[in-house]
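Participant: Any chance you can model this:
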Amino acid sequence: LSGSSNNRKSLQEPRFDYYNYEARELDISDCELPHVIEIYDFPQEFRTEDLLRVFCSYQKKGFDIKWVDDTHALGVFSSPITARDALNSKHMMVKIRPLSQATRAAKAKARACAEFLQPAKPRPETSAALARRLVISALGVRSQRTKAERDAELKKLQEARERKRLEAKQREDMWEGRDQATV
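Facilitator: Predicted structure coming up:
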């Protein structure tokens with residue numbers, strides 16, 4: 001602590017340089033989320049409906065949008081084949097590329113939401129018969145539907161049950177290794 005001029009100030013070099021820190025690149029391979037593509041370089045005014053309109057031909061096959069920022073979004077398809085087909089198509093207002101070539105923000109969003117980016121599945125067919133029956137019985141009124149309408153609805157429900165049972169049986173037969181023709 002004496003004021004001698006012989007005191008040298010020793011500087012120690014830092015072990016880590018936090019000022020020049022760069023996050024390492026997120027690496028997503030083509031086989032990790034093959035049914036997801038990046039949609040980019042579209043006007044900031046675009047809304048979800050506009051992007052859905054651009055990809056309207058894939059709506060019936062299953063398609064969903066997850067936003068990254070104002071000019072980037074993730075397109076979630078029902079299968080990798082459909083996503084590859086979309087990558088090969090040309091669109092005037094948007095650009096598309098595979099997720100492996102996407103921006104860092106898009107990859108981070110895909111990594112963070114991986115469980116929500118499962119392939120889109122079509123909604124199963126439903127019937128309002130049960131809801132109608134519950135409401136009518138709760139209100140204590142008589143149904144205005146004719147016997148023919150009720151029978152048609154009942155037949156449709158029975159066909160759906162039979163179709164579901166048949167699909168389950170076919171799935172079980174495949175796992176068991178049984179041939180469909182011999183059953």
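
Participant: Now stretch 72-79: buried residues?
Facilitator: The neighbour-count check on stretch 72-79 (16 or more other CB atoms under 10 Å) flags 72, 73, 74, 75, 76, 77, 78 as buried. Quick note: C-beta positions are derived from backbone N, CA and C, even for glycine.

Participant: ok, then the element right after the helix or strand hosting the fifth one?
Facilitator: Of the helices and strands defined by DSSP states H and E, residue 76 is found in strand 72-77. Along the chain past strand 72-77, the next helix or strand (assigned with DSSP H and E) turns out to be helix 80-88.

Participant: Return the list of helices and strands in contact with the helix or strand just after that next one.
Facilitator: For helix 80-88, the succeeding helix or strand toward the C-terminus, using DSSP H and E, is strand 95-98. Packing partners of strand 95-98 (3 or more CB pairs under 8 Å, 6 or more residues apart in numbering; DSSP states H and E): strand 36-40, helix 80-88.

Participant: can you pull out the helices in the chain?
Facilitator: Shown for the chain, the helices assigned by DSSP state H span residues 48-54, 80-88, 104-112, 129-139, 147-176.

Participant: Most tightly packed of the ones you listed?
Facilitator: For the helices of the chain, average neighbour numbers computed from mean count of other CB atoms under 10 Å are highest in helix 104-112, which has a mean of 17.

Participant: Which pLDDT value goes with the residue nearest the centre of the chain?
Facilitator: By CA atoms, centre = their mean, the chain has its centre lying nearest to residue 117, at 3.5 Å. You'll see residue 117 listed with a pLDDT of 75.

Participant: With the one 5 residues further on instead?
Facilitator: On pLDDT, residue 122 comes in at 62.

Participant: Low-confidence regions, this protein specifically.
Facilitator: For the chain, applying pLDDT under 70 flags the ranges 1-9, 23-27, 29-30, 120-124, 179-183.

Participant: Please tell me how far the nearest residue to residue 154 once chain neighbours are set aside sits from residue 48.
Facilitator: Nearest in space to residue 154, with sequence neighbours left out and distances taken as CB to CB, 6 or more residues apart in numbering, is residue 129 at 7.8 Å. Relative to residue 48, residue 129 is positioned 33 Å away (CB to CB, to the nearest Å).

Participant: Next: residue 137.
Facilitator: 40 Å.

Participant: try residue 173
Facilitator: 42 Å.

Participant: now do residue 147
Facilitator: Between residue 147 and residue 48 the computed distance is 44 Å (CB to CB).

Participant: just residue 85 next, same as before
Facilitator: With CB to CB as the criterion, residue 85 and residue 48 are 21 Å apart.
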